[in-house]
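1. prediction below, plus the sequence it came from.
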Amino acid sequence: MSARKKVLLVEDDEFTRFMMKEIIATLGVDVEIATNGQDGCDVIAAAPESFGLILMDLHMPQMSGIDATRQIRALPANPPCDVPIIALTADVTYHDTMRVKKLGMNGFASKPVTPGQLLALIDEHCSAA
């Protein structure tokens, strides 16, 4: 497997964080955890070039994944922060998919996310240049 950048997992549910972190680690990819949208924004603002992919839960207390994505896409950076962001949600409706695209997210994965889905997302978005 080629060298890869890190994945940022922004997820408030402890069990989901644990399971996804374990799966990502078995793929040989480094993962950093943020437990809410504000923490995710802070991590990305500090080092956006460190991450090849953000996996963002949409529904979190304190700051939702929707608001966090808006803030990340509006970060004052040159060039703009274009780290791929994948929405994680159990609610995959047409309305949700359209909202995700309008926010500047690159796609979505329905929960529970399988190891195969994670591998495909990482292969598609996170390969180091």
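-> Ah, there it is. Residues are numbered from 1 along each chain as shown.
2. how about residues contacting the longest strand that the chain contains?
-> What stands out as the longest strand in the chain, according to DSSP state E, is strand 51-57. Residues from elsewhere that reach strand 51-57, judged by CB atoms under 8 Å, 6 or more residues apart in numbering: 4-13, 16, 20, 32, 37, 40, 44, 65, 68-69, 72, 83-89, 105, 109, 113, 121-122, 125-128. Where C-beta positions appear, they are placed from N, C-alpha and C, glycine not excepted.
3. in the helix or strand that that strand is followed by, what's buried?
-> Using DSSP states H and E, the helix or strand that follows strand 51-57 towards the C-terminus is helix 65-73. By neighbour count with 16 or more other CB atoms under 10 Å, helix 65-73 contains the buried residues 65-69, 71-72.
4. does anything pack onto helix 65-73? Which helices or strands?
-> Packing partners of helix 65-73 (3 or more CB pairs under 8 Å, 6 or more residues apart in numbering; DSSP states H and E): helix 37-46, strand 51-57, strand 85-89.
5. now those in TSV, with distance to residue 96, mean neighbour count and mean pLDDT?
-> Output for the helices and strands packed on helix 65-73, formatted as TSV (distance: least, CB to CB, whole Å; neighbours: other CB atoms under 10 Å; pLDDT from 0 to 100):
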stretch	distance to residue 96	mean neighbour count	mean pLDDT
helix 37-46	17	19	94
strand 51-57	13	25	94
strand 85-89	6	23	92
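6. with distance to residue 117 added, can I get these in JSON lines?
-> Below are the helices and strands packed on helix 65-73 laid out as JSON lines (distance: least, CB to CB, whole Å):
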{"stretch": "helix 37-46", "distance to residue 117": "20"}
{"stretch": "strand 51-57", "distance to residue 117": "10"}
{"stretch": "strand 85-89", "distance to residue 117": "10"}
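7. so which of the ones you listed is nearest residue 28?
-> strand 51-57 (13.0 Å; CB to CB).
8. what's the angle between the helix or strand bottoming out on mean pLDDT in the chain and strand 85-89?
-> Between all helices and strands in the chain, the lowest mean by mean pLDDT, DSSP states H and E belongs to helix 94-102, at a mean of 79. In terms of direction (axes from the mean of the first three to the mean of the last three CA atoms, to 10 degrees), helix 94-102 departs from strand 85-89 by 160 degrees.
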